[in-house]
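A.B. asks: sequence and predicted model, in that order:
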Amino acid sequence: MRFISVIAIKEIRTYFASPMAYVVSAAFLAITGFFFVASVSDAFAEASIRGYLAGAIFFLIFMSPALTMRLLAEEQKLGTLELLLTSPLREFEIVLGKFIAALVTTMVMVGLSLYFVLVLFVYGDPDIGPMLSGLLGLAFYASATLAVGLFASALSSNQIVGLVVGSGILTALTIIDFVSARLSGTAAQVLDAFQLGASFSVFDLDSFGVAEGGHFADFARGIISLTDIAYYSSITAVFLLLTVLVLEARRWR
Amino acid sequence: MIKIEHMSKSYGPYPAVIDISFEVLKGEIVGFLGPNGAGKTTTMRVVTGFTPPTEGDVTVGGYDVVSHSLDVRRHIGYLPETVPLYLDMTVTDYLTYMGEIRGMNKSWVKERLPKVIDMVKLGEYRNTLVGRLSKGYRQRVGISQAILHEPDVLVMDEPTIGIDPIQVVETRELISNLGEEHTLLLSSHILPEVSAICKRVLVINDGRIVADDKPDDLSEKLQHAERIEISVRGAEAPAFINAMRDISDVIDARSDQRVSIVQRAEREDFLPFIVDARPNAQATETIAKTIINNGWGLTNLTPLPMTLEEIFLQLTTEENLGE
């Protein structure tokens, strides 16, 4: 456990010592800000963070792999992975430490954007339930996307490969309804079960359809369902495990 | 400390190391010598637990590198060929992190770090970003991370590659001093380096160990011919060479080309020669007698040890020599 925290603390420091955390946070605040403003500036708009959540889950598809692309690719490029793997620590400790660092950084960024909530309380009368469940969902959603990004980063020493593969997997999981909508029966149901979040409906300027599909829908509506938590936790666990396996496989090459 | 028995390692269908066995005892400094691609790095990666062997047993400090990998890694300090550094950390931060990764607690790091920084003379750079350091200093940072946790076994892959000659000398000195406290396995493709630092040399070529000996013994054993440096006064070069070639134990005689024309001019009456003779005691004696009988003045007669370069070329170009 000590090794995990040593690695996590080092990575968090690196995030905030380099422009990465600031650039990504700025972009995150800007994009979620656009969505938020668009969702509450209508005359009869509801005082909710639904627009913000729509922007966040859309943007995280690209932002999470961008945050994680460095984590394992750079270790391979610099050769420092050889040091880590010849130190008395296990692969899962490396992976978990890095994952925690990325999650903490993402949560700091989400924390920065919480002034949206304050704005709502000052100018409106928001329903606090869906807000809390939405933010909880966002944490689960973020951890799933970061795990996918970390896995992509382990695949090669090239950070861009990590970014493209990570975003590719996440985009595929997001637009899975393009395929399932054209199928019927069990096949469609199985595919739907893998839907990461609402797909293009998040761009619908009337509804910001974050509650219209995928496992994020219930969170956005104010429902905390065990199925959704299990889904995001499984994605996180499976991809972290795959990351560990990729690192272990490097030894046998 | 390190014991390798019939170890082979292949990358897919390509064998990198084929059935090698050797042992490094506690406190030994062993040089691993071979051309690029001979299997040095692969062997070191197996010893450090980075990659498992395809076949055979490898133990470090009694622990198997596959089944007790973590125990092995606890006892090893490793400096890979490309010095692995986080360029955006300061020297102190980097070393502290590496120490903690190696399982040191904070107070141990705090106590040990200044000593190591002193030892490698990095004092004035302790708060410099690693990325700003010159290659020689980066190498020192690399060496520091390998010795920080006071490992029993130190494995260094090409520790002086790519740094300038003055720093090479300093780095070699540093490594020689490390050998007093650690068991050291060091690889190099530079021969004088190995003979300067190591008490034992393993020569590896094409994945096989072709020689294992002390640097001095290695040259003795492999000498087909004894090379003798001779200076004489009052002799004509052709006459001398003919006289030498008439001796049955002499294989060849020639003027010593290593002595420059300027030097020859300065001491014109001393002619330098190189004579290759069969390695037996009589040869030298006969040569000396012949010179004196011819009325020449013998001013120097020194048997030359073969340099590691020559041995190395012999070992790697001639077959079955190591056996």
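C.D. replies: Thanks, I have it. Everything quoted here is computed from the prediction, not taken from an experiment. Numbering: from 1, shown residues only, chains lettered A, B, ... in the order given.
A.B. asks: please, which helix or strand holds residue B:56?
C.D. replies: For residue B:56, the element it lies in under DSSP states H and E is strand B:55-60.
A.B. asks: let me know the next secondary structure element after that strand.
C.D. replies: Assigned by DSSP H and E, the successor of strand B:55-60 is strand B:63-64.
A.B. asks: the strand holding residue B:56 near chain A anywhere?
C.D. replies: No: Strand B:55-60 lies out of reach of chain A by CB under 8 Å from any CB of the partner chain, never closer than 11.3 Å. From N, CA and C alone the C-beta is placed, and that goes for glycine too.
A.B. asks: if you count neighbours, what's buried in that strand?
C.D. replies: By 16 or more other CB atoms under 10 Å in any protein chain shown, the buried positions in strand B:55-60 come out as B:56, B:58-60.
A.B. asks: tell me the one of those residues nearest chain A?
C.D. replies: residue B:60 (11.3 Å; CB to the nearest CB).
A.B. asks: may I have the beta-bridge partners of the closest one?
C.D. replies: residue B:2, residue B:63 (DSSP bridges).
A.B. asks: which ones are touching it?
C.D. replies: Contact partners of residue B:60, counting by CB atoms under 8 Å, 6 or more residues apart in numbering or on different chains, are B:1-3, B:47, B:49, B:72, B:75-76, B:153.
A.B. asks: need those residues in a markdown table (columns: pLDDT and neighbour count).
C.D. replies: Below are the contacts of residue B:60 laid out as a markdown table (pLDDT from 0 to 100; neighbours: other CB atoms under 10 Å in any protein chain shown):
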| residue | pLDDT | neighbour count |
| --- | --- | --- |
| B:1 | 85 | 20 |
| B:2 | 91 | 24 |
| B:3 | 92 | 18 |
| B:47 | 93 | 26 |
| B:49 | 89 | 27 |
| B:72 | 92 | 25 |
| B:75 | 91 | 18 |
| B:76 | 93 | 28 |
| B:153 | 92 | 21 |
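A.B. asks: now, among those residues, which is nearest to residue A:46?
C.D. replies: When the contacts of residue B:60 are compared for distance to residue A:46 (CB to CB), residue B:49 wins out at 58.9 Å.
A.B. asks: give me the phi and psi angles of the closest residue to chain A within the stretch 201-323 of chain B.
C.D. replies: Across the stretch 201-323 of chain B, the shortest distance to chain A (CB to the nearest CB) belongs to residue B:207, at 17.0 Å. The phi/psi pair for residue B:207 (degrees, to the nearest 10) reads phi 80, psi 10.
A.B. asks: that one touches residue B:15, doesn't it?
C.D. replies: Yes: proximity of residue B:207 to residue B:15 meets the contact threshold set by CB atoms under 8 Å, at 5.7 Å.
A.B. asks: these two - which one has more neighbours?
C.D. replies: residue B:207 (22 against 17; other CB atoms under 10 Å in any protein chain shown).
A.B. asks: what pLDDT does the closest residue to residue B:35 other than its chain neighbours get?
C.D. replies: Among residues not flanking residue B:35 along the chain, residue B:189 sits closest, at 5.8 Å (CB to CB, 6 or more residues apart in numbering or on different chains). Residue B:189 carries a pLDDT score of 76 in this model.
A.B. asks: just give me the neighbour total for residue B:189.
C.D. replies: Neighbours of residue B:189 (other CB under 10 Å): 17.
A.B. asks: residue B:274 in helix, strand or coil?
C.D. replies: Secondary structure state of residue B:274, per DSSP: H, G, I helix; E, B strand; the rest coil, is strand.
A.B. asks: that one touches residue B:231, doesn't it?
C.D. replies: No: in this structure, residue B:274 is not within contact of residue B:231 by CB under 8 Å, at 10.7 Å.
A.B. asks: thought residue B:198 was touching residue B:213?
C.D. replies: No: applying CB under 8 Å, one finds residue B:198 not in contact with residue B:213, separated by 10.8 Å.
A.B. asks: out of these two, which sits in the more crowded spot?
C.D. replies: residue B:198 (24 against 17).
A.B. asks: so what's the residue of the stretch 151-253 of chain A found nearest chain B up against?
C.D. replies: Closest approach of the stretch 151-253 of chain A to chain B (CB to the nearest CB) occurs at residue A:251, with a separation of 5.3 Å. Applying CB under 8 Å, 6+ apart, we find residue A:251 in contact with A:85, B:50-52.
A.B. asks: and the gap between residue A:141 and residue A:225?
C.D. replies: Distance check for residue A:141 against residue A:225: by CB to CB, to the nearest Å, it reads 14 Å.
A.B. asks: low-confidence ranges in chain A?
C.D. replies: Along chain A, the model assigns pLDDT under 70 to residues A:253.
A.B. asks: can you list the residues of it near chain B?
C.D. replies: Contact residues (CB under 8 Å from any CB) of chain A with chain B: A:2-3, A:6-7, A:10, A:14, A:17-18, A:78-90, A:251-253.
A.B. asks: just the buried ones from those?
C.D. replies: Buried among the residues of chain A next to chain B (16+ other CB under 10 Å): A:3, A:6-7, A:10, A:14, A:78, A:80-90.
A.B. asks: and the residues you listed, which of them are in helices?
C.D. replies: Among these, DSSP state H puts A:3, A:6-7, A:10, A:14, A:78, A:80-85 in helices.
A.B. asks: what parts of the stretch 51-200 of chain B come near chain A?
C.D. replies: Within the stretch 51-200 of chain B, the residues that sit near chain A (CB under 8 Å from any CB) are B:51-52, B:70-71, B:73-74, B:76, B:78, B:80, B:82-89, B:97-98, B:100-103, B:145.
A.B. asks: mind checking which of the residues you listed are buried?
C.D. replies: Among these, those buried by neighbour count (16+ other CB under 10 Å) are B:51-52, B:71, B:73-74, B:76, B:78, B:80, B:83-86, B:89, B:97-98, B:100-103, B:145.
A.B. asks: how many neighbours does residue A:42 have?
C.D. replies: Count around residue A:42 with other CB under 10 Å applied: 10.
A.B. asks: so which helix or strand takes in it?
C.D. replies: Here residue A:42 is assigned to no helix or strand, by DSSP H and E.
A.B. asks: and what of residue A:44?
C.D. replies: Per DSSP H and E, there is no helix or strand for residue A:44.
A.B. asks: which ones among the residues of the stretch 51-200 of chain B next to chain A lie within strands?
C.D. replies: B:76, B:78 (DSSP state E).
A.B. asks: show me the residues of the stretch 51-200 of chain B next to chain A that map onto helices.
C.D. replies: B:70-71, B:73-74, B:97-98, B:100-101, B:145.
A.B. asks: I'd guessed residue A:199 sits against residue A:173; true?
C.D. replies: No: in this structure, residue A:199 is not within contact of residue A:173 by CB under 8 Å, at 9.6 Å.
A.B. asks: report the beta-bridge partners for the closest residue to residue B:27 other than its chain neighbours.
C.D. replies: Spatial nearest neighbour of residue B:27, excluding adjacent residues (CB to CB, 6+ apart): residue B:183 at 5.9 Å. Beta bridges link residue B:183 to residue B:153 when assigned by DSSP bridges.
A.B. asks: so who does residue B:183 touch?
C.D. replies: B:1-2, B:24-28, B:152-154.
A.B. asks: least confident secondary structure element in chain B?
C.D. replies: In chain B, no helix or strand scores lower on mean pLDDT, DSSP states H and E than helix B:261-266, which sits at a mean of 61.
A.B. asks: and chain B, what are its domains?
C.D. replies: Chain B is divided into the following domains under automatic domain parsing: B:2-220, B:224-304.
A.B. asks: in which helix or strand does residue B:8 reside?
C.D. replies: Using DSSP H and E, residue B:8 falls in strand B:2-11.
A.B. asks: now that strand against strand B:55-60, angle please.
C.D. replies: Strand B:2-11 and strand B:55-60 are oriented at 140 degrees to each other (axes from the mean of the first three to the mean of the last three CA atoms, to 10 degrees).
A.B. asks: please identify the helix or strand for residue B:292.
C.D. replies: helix B:281-293.
A.B. asks: for that helix, packing partners?
C.D. replies: Contacts defined by 3 or more CB pairs under 8 Å, 6 or more residues apart in numbering or on different chains; DSSP states H and E place helix B:281-293 against strand B:226-233, helix B:237-245, strand B:270-277, strand B:297-304.
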